[in-house]
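J.: Provided below are the primary sequence and the corresponding predicted coordinates.
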Amino acid sequence: MLALLKQKSYRDRTLQTLFVGGLAVMLVIFVMTARTNLEAQGMTSGFDFLERATGWGVSFSLIDFSTSDSYLKVIWVGLLNSLFLGVISMSFATIIGIAIGIMRVSGNKMAELIGTIYVEVFRNLPLLLQAFFWYAILTTLPKPRDAYDIGGIAFLSGRGVYLPGLNVSGLSVFLSAIGLVIAFAVWLNLTTSRRFAKMMPKEKTARARSIWLAWGFAACVVMAMGRIPDTPLLNLPYLKGLNFREGIRVSPELLTCIVAISIYGGAYIGEIVRAGFNAVSNGQKEAGFALGLTPWQIFTRIRLPLAIRAVMPMLINQYVWLFKATTIGIAVGFVDFFMVISTSINQSGQTLELIAILMGGFLCINYTMAFALNRVNDAIKLKGTQARG
Amino acid sequence: MAQTYSGPGVFKRIRDDYFSTRLNTVVTLGFAAFVIWVVWSLFGWGIQQAIWSPADKDHCGHGSGGACWAVIAARWRLIFFGLFPFEEQWRSGIACAAIVLTGGLSCVPWFWSARRLSALWIIGFAVFYCLMRGGFFGLTLVSEQNWGGLSLTIFIFASVTLIGMPLAIVFALLRQSRLPWIARTMGVVIDTIRSLPLLSILFTFAIVIPFVLPGWMIGDKLYRVIVGYALFFACYQAEIIRGGIQSLPAGQDEAAMALGMSYWNRISYIILPQAFRNALPATINQLVITFKETSLVVIIGFFEILASGNAAYGNAEWNFAHVEVYCFVGLIYFTFVFALSRYGAYLERRMAVVER
């Protein structure tokens, strides 16, 4: 026996078996204990409860939901809400981040100062604290009767923000959003694929323009078809009695999550964008000047594309991270995936199954997102040594 | 006498930095106006029109237009110490100071070896724990349920780091293992935990673990959450350490092997010290994030500083003062996090000099 232990390959095999076997035994013990515990409490395990009616409602849903719908549907509602919140706040965070990043490398000391203060303040405070802060601010805005009026078309009140909407069906909005994604994919393909590399820049621009025009036209047609009959196209909110009618109401909960995640994420993305600009070597800029390009051209044609490409992997990590941050919705009462799961656990008692769904859901989303973004990165990443390092 | 060139003059520098082109001038003036407006309104709200003493608290609220710092003066003990028994709060204060001192001491280069650093932190943590819990030398026993405020935040942060750091080293070594099955299994575990939100991990440890563990292993909810958080921290930190190990030239390990050093000697004398040095900026960053995210335990129902802040304005007397309380709590977080991140930046510069 001891002689066998001295033999390296045998020892290696034993170690590996012990390690993997130990983990497996741990898992088995977990499952066995869980089963006995559940039996002692008289609970049935399994996923049958997903078919049952919930009996409770949700305060925000992108699809129709009533209390008689099943648990499966409420989980789907939560997932959609999380994705919705994630997409909106990531977009705003990107816009803020690019603006802040550009301010910090603009060469104007005043802009740099503001960018630095922004990043240092919002990056050094916990996201949850910021969410509580914005929630307290947004819910203590005046009552609808004294709401802040923004040009007569949008209103800020303690019961939410009222925005003008379009009288079109949700399906057509969804279809045009899908169309936007397709148009973006086609445009990405056009600008990066080899077949178009030799095309004249003017022709390339013309093609890109026609893609966006086609999308705009298709979106208009879809919207016109999905228009709710006998209503004006634009749906303005107006005060009637104690509350606003019509328009789109953005609840304080949703708005809090959007504002908090965008501002917090914007600070991080701003730092990443700045790192990207610093990674573009000065020679690129000088070569641009030598060719007689204007500062604006150098910025939009040389520095920005190179910077974005240099930091794409970091940005991908940040986006995956930002999506995970949407779970703070539960702190202010926004019905996101996590909150739906935790409410379901309270209501149905099916803890283990629901936690499994929660983890499975996040793994799927994160891996899908990382996969898709990595494909984008592969398509646009630098194929040479234009960036320093 | 030889003239030394001291760079462009002040006016030239100001012109270059702020007014080099017409566009730059406009941008500078616009942003300057913005900054002045923000500073002026903050000054007016926070200092000029603010109400400081709890005696004047009737003027607070919607009328005065200024901040009501009276709420801090009246409720600071709640924010800092939570539900800790009132007469014993000095213990909580000293315990926090001990941890802060420990943190300060670990910035001194003399402590920068694994043995000294771990000894320092174990002593600091033990002092903290004994002071907080009491139960000897005439100190009354205060159970963990009554801990709260800043000391609970610090307790969670310190214990997560203390448990998580050794765990991270183990994870990183297992993932770097030469044995494929160990490395692969560890990789799957680390990647899975990393792609889950911290909140879901904390939640799982708070409510699922009691189901799947035999009774004697369950323990208090606070400790379960800390273990869960430590596991999460260890997975992130393991990847950072792995990055540090991978950035070492292969020659280091090979040279050690050629000298006939054993695996443990190679790891503890050659690989890990250099790996930690390489990974230091990322480690500090991870500590910063860990400190900030201790706030998430509020959602699981713990009374740390953010929750005690919520409680400070959460009664009828002070219910209008949320902005002031959040500013104060934010300032406390900011002090810790900003100090830590500045220190990280200083270390990074210092290391860059050494490398040059």
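T.: Received it, and whenever you're ready, just let me know what you need.
J.: The closest residue to residue B:136 other than its chain neighbours: which element?
T.: Distances taken as Cβ to Cβ, 6 or more residues apart in numbering or on different chains place residue B:130 nearest to residue B:136, at 7.6 Å, with adjacent residues excluded. Quick note: C-beta positions are derived from backbone N, CA and C, even for glycine. Residue B:130 is located in helix B:114-133, with elements delineated by DSSP states H and E.
J.: Please name the residues that touch residue A:246.
T.: Neighbour list for residue A:246: A:165, A:235-238 [criterion: Cβ atoms under 8 Å, 6 or more residues apart in numbering or on different chains].
J.: if you set the cut-off to 10 Å instead, what comes out?
T.: A:162, A:164-165, A:167, A:231-232, A:234-238, A:240 (Cβ atoms under 10 Å, 6 or more residues apart in numbering or on different chains).
J.: I'd like to know which residues of the stretch 101-250 of chain A are adjacent to chain B.
T.: A:103, A:106-115, A:117, A:120-121, A:123-137, A:139-140 (Cβ under 10 Å from any Cβ of the partner chain).
J.: Could you list the low-confidence segments of the stretch 51-200 of chain B?
T.: Within the stretch 51-200 of chain B, the ranges that satisfy pLDDT under 70 run B:57-59, B:61-64.
J.: who touches residue A:130 in this structure?
T.: Applying Cβ under 10 Å, 6+ apart, the residues contacting residue A:130 are A:121-122, A:256, A:259-261, A:263-264, A:328, B:295, B:326, B:330.
J.: same check, this time on residue A:19
T.: By Cβ under 10 Å, 6+ apart, the residues touching residue A:19 are B:174, B:177, B:179, B:181-182, B:185-186.
J.: at 6 Å what do you get?
T.: residue B:182 (Cβ atoms under 6 Å, 6 or more residues apart in numbering or on different chains).
J.: Can you check the pLDDT for it?
T.: We have a pLDDT of 89 for residue A:19.
J.: which SSE is it in?
T.: helix A:8-40.
J.: what residues does chain B put near chain A?
T.: Residues of chain B lying near chain A by Cβ under 6 Å from any Cβ of the partner chain: B:17-18, B:24, B:27-28, B:31-32, B:179, B:181-182, B:185, B:195-197, B:199-200, B:204, B:208, B:211-212, B:214, B:292, B:295, B:299, B:306, B:322, B:326, B:330, B:333-334, B:337-338.
J.: Ignoring the adjacent residues along the chain, who's closest to residue 319?
T.: Let's take chain A. residue A:90 (5.8 Å).
J.: Please refer instead to chain B.
T.: That would be residue B:313: by Cβ to Cβ, 6+ apart, it lies 6.1 Å from residue B:319.
J.: Going by secondary structure, residue 287 is in what exactly?
T.: Looking at chain A here, since you left the chain open. Going by DSSP H and E, residue A:287 is in helix A:282-290.
J.: let's do chain B instead
T.: Counting by DSSP H and E, residue B:287 is found in helix B:272-293.
J.: so is the most centrally placed residue in chain A in a helix, a strand, or just coil?
T.: Nearest to the geometric centre of chain A sits residue A:86, at 2.6 Å (Cα atoms, centre = their mean). Look at residue A:86: counting by DSSP: H, G, I helix; E, B strand; the rest coil, its state is helix.
J.: Please report how far it lies from residue B:313.
T.: Using Cβ to Cβ, to the nearest Å, residue A:86 is found at 31 Å from residue B:313.
J.: ranges for the strands of chain A?
T.: According to DSSP state E, chain A carries its strands in the segments A:148-150, A:154-157, A:160-163, A:165-166, A:234-235, A:238-240, A:243-245, A:248-250.
J.: ok, the third one: who's next to it in the sheet?
T.: Partner strands for strand A:160-163, per DSSP bridges, with pairing direction: strand A:154-157 (antiparallel), strand A:248-250 (antiparallel).
J.: As CSV, those strands with distance to residue A:364, mean neighbour count and mean pLDDT would be great.
T.: Shown next, in CSV, are the strands paired with strand A:160-163 (distance: least, Cβ to Cβ, whole Å; neighbours: other Cβ atoms under 10 Å in any protein chain shown; pLDDT from 0 to 100):
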stretch, distance to residue A:364, mean neighbour count, mean pLDDT
strand A:154-157, 36, 20, 78
strand A:248-250, 28, 17, 79
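J.: now the ones you listed in JSON lines, with distance to residue B:37?
T.: Shown next, in JSON lines, are these (distance: least, Cβ to Cβ, whole Å):
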{"stretch": "strand A:154-157", "distance to residue B:37": "20"}
{"stretch": "strand A:248-250", "distance to residue B:37": "27"}
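J.: In three-state terms, label residue B:33 for me.
T.: helix.
J.: Buried ones in stretch B:337-354, by neighbour count?
T.: For stretch B:337-354, burial by neighbour count (16 or more other Cβ atoms under 10 Å in any protein chain shown) applies to B:337-341, B:343-344, B:347.
J.: Repeat that for stretch B:178-189.
T.: B:182, B:185-186, B:189.
J.: Then stretch B:112-125?
T.: B:120-121, B:124-125.
J.: Please save the CA atoms from it in PDB.
T.: Extracted in PDB, the C-alpha atoms of stretch B:112-125 (Å, rounded to 0.1, in the frame of the first residue of the first chain):
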ATOM      1  CA  TRP B 112       4.400  43.100   4.700                       C
ATOM      2  CA  SER B 113       5.000  39.400   5.200                       C
ATOM      3  CA  ALA B 114       2.500  36.700   5.300                       C
ATOM      4  CA  ARG B 115       3.300  35.700   8.900                       C
ATOM      5  CA  ARG B 116       3.300  39.200  10.300                       C
ATOM      6  CA  LEU B 117       0.200  40.300   8.400                       C
ATOM      7  CA  SER B 118      -1.800  37.300   9.400                       C
ATOM      8  CA  ALA B 119      -0.700  37.600  13.000                       C
ATOM      9  CA  LEU B 120      -1.600  41.300  13.000                       C
ATOM     10  CA  TRP B 121      -5.100  40.700  11.600                       C
ATOM     11  CA  ILE B 122      -5.800  37.700  13.800                       C
ATOM     12  CA  ILE B 123      -4.900  39.800  16.900                       C
ATOM     13  CA  GLY B 124      -6.900  42.800  15.700                       C
ATOM     14  CA  PHE B 125      -9.900  40.600  14.900                       C
END
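J.: rewinding a little: of the buried residues of stretch B:178-189, which belong to helices?
T.: The helices, defined by DSSP state H, take in B:182, B:185-186, B:189 from the buried residues of stretch B:178-189.
J.: Between these, which sits nearest residue A:362?
T.: residue B:189 (15.5 Å; Cβ to Cβ).
J.: coming back round to it: out of everything not next to it in sequence, what's closest to the residue nearest to the centre of chain A?
T.: In space, residue A:86 is closest to residue A:323, 4.6 Å off (Cβ to Cβ, 6+ apart).
J.: quick one: residue A:250 and chain B, what's the gap?
T.: Distance of residue A:250 to chain B, given as Cβ to the nearest Cβ, to the nearest Å: 21 Å.
J.: Show me what the closest residue to that residue other than its chain neighbours is bridged to.
T.: Ranked by Cβ to Cβ, 6+ apart and with sequence neighbours excluded, the top spatial neighbour of residue A:250 is residue A:161, at 4.5 Å. Note on residue A:161: beta-bridge partners by DSSP bridges are residue A:156, residue A:250.
J.: what's the burial count for residue A:161?
T.: 23 (other Cβ atoms under 10 Å in any protein chain shown).
J.: Residue 212 - how many residues pack around it?
T.: Let's take chain A. For residue A:212, using other Cβ under 10 Å, the count is 14.
J.: Chain B is the one I meant
T.: Neighbours of residue B:212 (other Cβ under 10 Å): 21.
J.: same check, this time on residue B:200
T.: 22.
J.: For the host helix or strand of it, which helices and strands make contact with it?
T.: Using DSSP H and E, residue B:200 maps to helix B:198-207. Judged by 3 or more Cβ pairs under 6 Å, 6 or more residues apart in numbering or on different chains; DSSP states H and E, the packing partners of helix B:198-207 are helix B:221-246.
J.: helix or strand right after the helix it packs on?
T.: helix B:250-258.
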